[in-house]
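In: predicted model and sequence below, questions to follow.
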Amino acid sequence: MGRELSVVGGGVIGLACALAATDAGWTTTVYDVGPSARAAHVAGGMLGCLGEGHPGEGRLLDVSSQSAALWPDFLSRLGDPAVHTATDSILLAASSTDFAYLDDQVAFVRDRLPAASLTRSTGSELRRTEPSLGRGLAGGYLAEGEGAVDNRLLIDALAAALRTNGGHIVDAVVDDPTELPGDRVLIAAGLGSAALARVAGAGIPVHGEKGEILRLRRTRWSVPPPTHVIRGRRHGRSVYLVPRADGVVVGATQYEAQGPDDREPQAVGVADLLADAIAVMPGLSSYELAEAAAGIRPSSADGLPVVQRIDDRLLVATGHGRNGIALAPWTASRVIELLA
């Protein structure tokens, strides 16, 4: 069996698969175009499956729960505690209508994952858990074990672990994956994976979903960032607040991208995110707006990641949508199975 692997894509999926391959004895080289095209560069870094469980997405919930179980060992493998920014989440509803939506979502999750740790709470009870939350919120659920990572520190830690393990990262644009050296080639280039697969004669049905995030930086007059991931629902819109060492990441909008270069944030998306975030956590009004960015997530038609062989030499891992970081350990494990 061949033991040399080329990986196209230096985001979380590509690096996670490359690291797993080096652990399995493969000589691995990653071809990376840099952060501008990475979906993981514009992300919150939430790891859980409970807050992402939606009726009609049962198979995705099953895969997400399998990946969530792999994350503790995955973090230990990286050996950088700064990557992990939160351990638990709060699923928060601003109104009674929003709360009814959460109740339906949680009922679906509990039906498939009976052991899920989800505690229903009033708004005042959640404020005792997370004092920075605003008053007048209807309530929600405490989701234990639903943590988060710093997406950019995660990429750095993966790259460092790969190099330490003997892997290589090359700055290069790849147009034809069939011309790369190695016994196997993994295409993990996000939205660009479809075009690369077409060169090899394969059709990979993924489309781009645009999403905006904000990075808010704490000032010396600000309240501290939350200690939990806050997954809020307000006026039917979703908003999340994910802790960082210097503030929070606020996200995320989601709509069809107008092309592979549609990466500029729109004013309406930024305005909605700020309004919802400050309503959920009023203390954010004193934070600085450090960054407003948009990324394009590669999404499949059914929401499930596309991790499969193209032929005897080529493999592909893409289509993770909004769950790319959360599904990284599961994807790496599946790729190692395909390589074997």
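Out: Done, it's in.
In: in the stretch 51-200 of the chain, which spans are helices?
Out: Taking DSSP state H, counting those that start in this stretch to define them, one finds helices in the stretch 51-200 of the chain at 58-78, 96-112, 123-129, 151-164, 193-199.
In: OK, contacts around Ala143?
Out: Ala143 makes contact with Gly48, Leu50, Gly51, Asp88, Ser89, Ile90, Leu91, Ala116, Ser117, Leu118, Arg231 under the criterion Cβ atoms under 8 Å, 6 or more residues apart in numbering. Bear in mind the C-beta positions are built from the backbone N, C-alpha and C, glycine included.
In: for Gly10, which non-adjacent residue is spatially closest?
Out: With sequence-adjacent residues excluded and distances taken as Cβ to Cβ, 6 or more residues apart in numbering, Gly10 is closest to Asp32, at 2.7 Å.
In: what sits against that neighbour?
Out: Going by Cβ under 8 Å, 6+ apart, Asp32 touches Gly9, Gly10, Gly14, Ile169, Val170, Asp171, Ala172.
In: wait, the last one touches Val30, no?
Out: No. Proximity of Ala172 to Val30 does not meet the contact threshold set by Cβ atoms under 8 Å, at 9.6 Å.
In: these two: which has the busier surroundings?
Out: Val30 (29 against 13; other Cβ atoms under 10 Å).
In: confirm the more buried one sits in a strand?
Out: Yes. Val30 forms part of a strand when assessed by DSSP: H, G, I helix; E, B strand; the rest coil.
In: enumerate every residue touching it.
Out: Taking Cβ under 8 Å, 6+ apart, we find Val30 in contact with Val7, Gly9, Gly10, Gly14, Leu15, Ala18, Leu162, Gly167, His168, Ile169, Val170.
In: can you give me the distance of Asp111 to Glu57?
Out: As judged by Cβ to Cβ, to the nearest Å, Asp111 and Glu57 stand 13 Å apart.
In: settle it for me: which of the two has more neighbours?
Out: A side-by-side neighbour count of Asp111 and Glu57, using other Cβ under 10 Å, places Glu57 first with 17 against 13.
In: so the more buried one touches Gly321, yeah?
Out: No. Glu57 is beyond contact range of Gly321, at 10.4 Å (criterion: Cβ under 8 Å).
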